[in-house]
Each structure stands twice: as structure tokens, then as C-alpha cells.
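Visitor: prediction below, plus the sequence it came from.
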Amino acid sequence: MEPVTQIDGRAYPFGVKNVDTDMIIAAEWLKTISRVGLGKGAFAALRADPANVFDDPAYAGSPILIAGDNFGCGSSREHAAWALADMGVKAVIAPSFSDIFSGNAFKNGILTVVLPQEQVYRLMEVARTDTIHIDLAEQMVTTPFQDRMPFDIDPFRKQCLMGGLDEVGLTMARGEAISGYEMRRMQAEPWLVPVAA
């Protein structure tokens, strides 16, 4: 997982409320265990409209998605986070998120930023013409117009995102402690050590 410290760029001014995981990535895309290529299926139903924000060249490759309340509700499909990551989205800003989606996003290196609805409206306005900056270390969203919007984040999630540590990375970071334990265990309980055939 890549470390997340600062995210700069245009943002998709989406703003729709109650976007469920089926809207993010429809069921027909769930036949894969690969994370690659799901971005082209993200928001497929909305992309049927040629005027959709996701295919607007002004927002191509935007690393930030501004969404409405209750983003990521519905099923627990991790493919929703995979699809957003494959689109290049590194952060989603909304007034609230489904707990399961927020957890899946975190585990896949996507920062979820909760801000009050009025600030989300302001960012939607800014996103139509200018870039947005997110500083995870400072826990601050800023704009070129001197808007400063602090946000809260669980300290453990912040540490993991900034360190680029997923569950495997967290385990690997404890490699020396795990090896030491295994050595002590083999010495104290040699009967548990597998014998080569």
C-alpha cells in the first residue's frame, strides 16, 4: 500500500447522497478477484449518461471524490473500494460514510474524510474550477481560497495510512518480534516443531 500523506488535485464534484456499493460497482463486475480494471466499471450506470462527471475531461484522473451523506451504504463488497482505487481516487470527502465501506476504503489505502454538509457544499463549488489539498498529518482540507477545514481521524488509521501499512504490512513490521517468539517457542516446546519427512 502506498503511504498517504498529502493529496492534491481536482475533485469529482459528485455530491449524491445514499450512494450504495452497487452504484459504485455493479454486481456483474464482482466475478473477479483482481483489483485491476475495476475502475472502468465504477459508476457504470451513471456513466451511461454522456454528461456524467466521471467522464468529464475536466476531472480526468481526479484523486478526490466529493460525495453526499451515507456514501458506500449497502452491501459489504470490497470491490467498491478496489474500483475507486483503480480510478485513481485516493480520498473521498462526505458528511458520513457506511462503516463497512469506510473500513474497506481504509484497508485499501483510501482516506475517508468526514466534514459537515456546509463544508462539503463549499468544496463542491471549489471543485468545479480549482484544486483541493488534503494534508493527513495536519488533518486539514484546504483550498486556494483560504478555506481551512479540519477533520478527525482515528489515530491508528492515520498511522497506517501515513506509513502505507495494510494488514500484511502491519504484520511484517513486527517481523523481529514474531521471529523471536517462534525461536523461544521452539526452544521451550521442541515437541511442537514439525519433523521433516
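Guide: Yes, it's here.
Visitor: what is the least confident helix or strand in the chain?
Guide: Least confident helix or strand, the chain: helix 167-173 with a mean of 84, by mean pLDDT, DSSP states H and E.
Visitor: who are the packing partners of it?
Guide: Other elements packing on helix 167-173 under the criterion 3 or more CB pairs under 8 Å, 6 or more residues apart in numbering; DSSP states H and E are helix 155-163. To be clear about C-beta, it is placed using only N, CA and C from the backbone, and glycine gets the same treatment.
Visitor: 7 Å instead?
Guide: Under the contact definition 3 or more CB pairs under 7 Å, 6 or more residues apart in numbering; DSSP states H and E, helix 167-173 sits against no other helix or strand.
Visitor: would you pull up how far that helix lies from the middle of the chain?
Guide: 18 Å (CA atoms, centre = their mean, to the nearest Å).
Visitor: same thing with stretch 38-54?
Guide: Centroid separation for stretch 38-54 versus its chain: 19 Å, with CA atoms, centre = their mean.
Visitor: next SSE after the least confident helix or strand of the chain?
Guide: Following the chain from helix 167-173 toward its C-terminal end, the next helix or strand by DSSP states H and E is helix 175-188.
Visitor: neighbouring contacts of that following helix?
Guide: By CB atoms under 7 Å, 6 or more residues apart in numbering, the residues outside helix 175-188 that reach it are Leu192, Val193.
Visitor: cutoff 8 Å now
Guide: Helix 175-188 has contacts (CB atoms under 8 Å, 6 or more residues apart in numbering) with Thr171, Leu192, Val193.
Visitor: these into JSON lines, with extra columns for neighbour count and distance to Asp99?
Guide: Output for these, formatted as JSON lines (neighbours: other CB atoms under 10 Å; distance: CB to CB, whole Å):
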{"residue": "Thr171", "neighbour count": "11", "distance to Asp99": "24"}
{"residue": "Leu192", "neighbour count": "8", "distance to Asp99": "39"}
{"residue": "Val193", "neighbour count": "11", "distance to Asp99": "42"}
